[in-house]
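> Predicted structure and sequence below. I'll ask about it afterward.
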Amino acid sequence: MDQQNFKYSRRIFTIPLLIIFLLWLIYFIEIKFGYNFNKYGVYPKSIIGLRGIFLSPFIHSSTKHLFNNSIPLFVMLVSLYYFYREIANKILIYGLLLSGLLTWIIARPSYHIGASGIVYLLVSFIFFSGIFRKYYRLTALSLIVVFLYGGMVWYIFPTEERISWEGHLSGFLVGFIFSYLYRKMGPQPEKFQFTKNEEFEKLFDENGNYNPPTEEENELDSTNS
């Protein structure tokens, strides 16, 4: 069962690499030709600001901003497509839409940009999925996620004015909800079936006490066989 759930395919790395490449390409175009794409971010409670739901994850304010998002995004995407390949596209696409919409509803009046909301979505989904599924491999992955990105939880609160904690919180909440809704889809823990062993049961009486056969019973069994 493990081999079926955790099977290598090119998509595990291809899709994450394409997404990261696209992020850097857009940023390169912005810098190279002097564009400023910030206005295409999520702007709360504005009709035109809805376009940011689709566009904001591809827009970054600086090289540092993009670099800080690229590494955890790549790691989380690879983990998503390796461990949850059957539902990975759903988590990524629906998560982008819902977390962006929630940001649009609750955020401050400002342009909210960057892929960090998707990072929080994936970190939250992968962490809670391992817990809800009670699958030792996925639980171990959850612990690794906590070890690597546990400090990120502080950024779902308004700690710094320049940070879109609303986007982080939205991604985190959507990831948690998805981890519960999709808990029965994708890899599941192995189920063991125990067969009945009559010879073993003979060693115990009806009350469960150990009651080995006597020498006479052993000799009788030997004779009958």
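Arrived safely, thanks for sending. Being a predicted model, the structure only gives us computed values, none of them experimental.

> what's near enough to touch residue 72?
Residues near residue 72 by C-beta atoms under 8 Å, 6 or more residues apart in numbering: 119, 123, 148-149. Quick note: C-beta positions are derived from backbone N, CA and C, even for glycine.

> Determine which two of the residues you listed are furthest apart.
Comparing every pair within these by C-beta to C-beta identifies 119 and 148 as the most remote, at 11.4 Å.

> Among the contacts of residue 72, name the buried ones.
119, 123, 149 (16 or more other C-beta atoms under 10 Å).

> Could you dump these into TSV and include pLDDT?
As requested, the buried ones among the contacts of residue 72 are exported to TSV (pLDDT from 0 to 100):
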residue	pLDDT
119	94
123	92
149	79
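
> Flag the shaky bits of this protein, pLDDT-wise.
1-9, 189-225 (pLDDT under 70).

> what about the residue nearest to the spatial centre of it, distance to residue 79?
For the chain, the residue nearest the mean C-alpha position is residue 126 (2.4 Å; C-alpha atoms, centre = their mean). Residue 126 sits 6 Å away from residue 79, going by C-beta to C-beta, to the nearest Å.

> what sits in contact with each of those two?
Shared contacts of residue 126 and residue 79, counting by C-beta under 8 Å, 6+ apart, come down to 141, 145.

> before we move on, the earlier item: pick out whichever of the buried ones among the contacts of residue 72 sits closest to residue 166.
When the buried ones among the contacts of residue 72 are compared for distance to residue 166 (C-beta to C-beta), residue 119 wins out at 14.5 Å.

> The closest one contacts residue 171, doesn't it?
Yes - in terms of C-beta atoms under 8 Å, residue 119 counts as a neighbour of residue 171; the distance is 7.1 Å.

> dump the residue contacts of the residue nearest to the centre of the chain.
Contact partners of residue 126, counting by C-beta under 8 Å, 6+ apart, are 76, 79-80, 83-84, 138, 141-142, 145, 175, 179.

> Tabulate those in CSV, adding columns for distance to residue 158.
Shown next, in CSV, are the contacts of residue 126 (distance: C-beta to C-beta, whole Å):
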residue, distance to residue 158
76, 24
79, 28
80, 28
83, 32
84, 31
138, 32
141, 30
142, 26
145, 24
175, 20
179, 25
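
> Just the buried residues out of those, in ChimeraX syntax.
To isolate the buried members of the contacts of residue 126 in ChimeraX, using 16+ other C-beta under 10 Å:
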select :76,79,80,83,84,138,141,142,145,175,179
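
> Show only the entries of the contacts of residue 126 found in helices.
76, 79-80, 83, 138, 141-142, 145, 175, 179 (DSSP state H).

> want to try JSON lines for these, with distance to residue 39 as columns?
Formatted as JSON lines, the ones in helices among the contacts of residue 126 follow (distance: C-beta to C-beta, whole Å):
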{"residue": "76", "distance to residue 39": "28"}
{"residue": "79", "distance to residue 39": "33"}
{"residue": "80", "distance to residue 39": "30"}
{"residue": "83", "distance to residue 39": "37"}
{"residue": "138", "distance to residue 39": "40"}
{"residue": "141", "distance to residue 39": "38"}
{"residue": "142", "distance to residue 39": "38"}
{"residue": "145", "distance to residue 39": "34"}
{"residue": "175", "distance to residue 39": "27"}
{"residue": "179", "distance to residue 39": "33"}
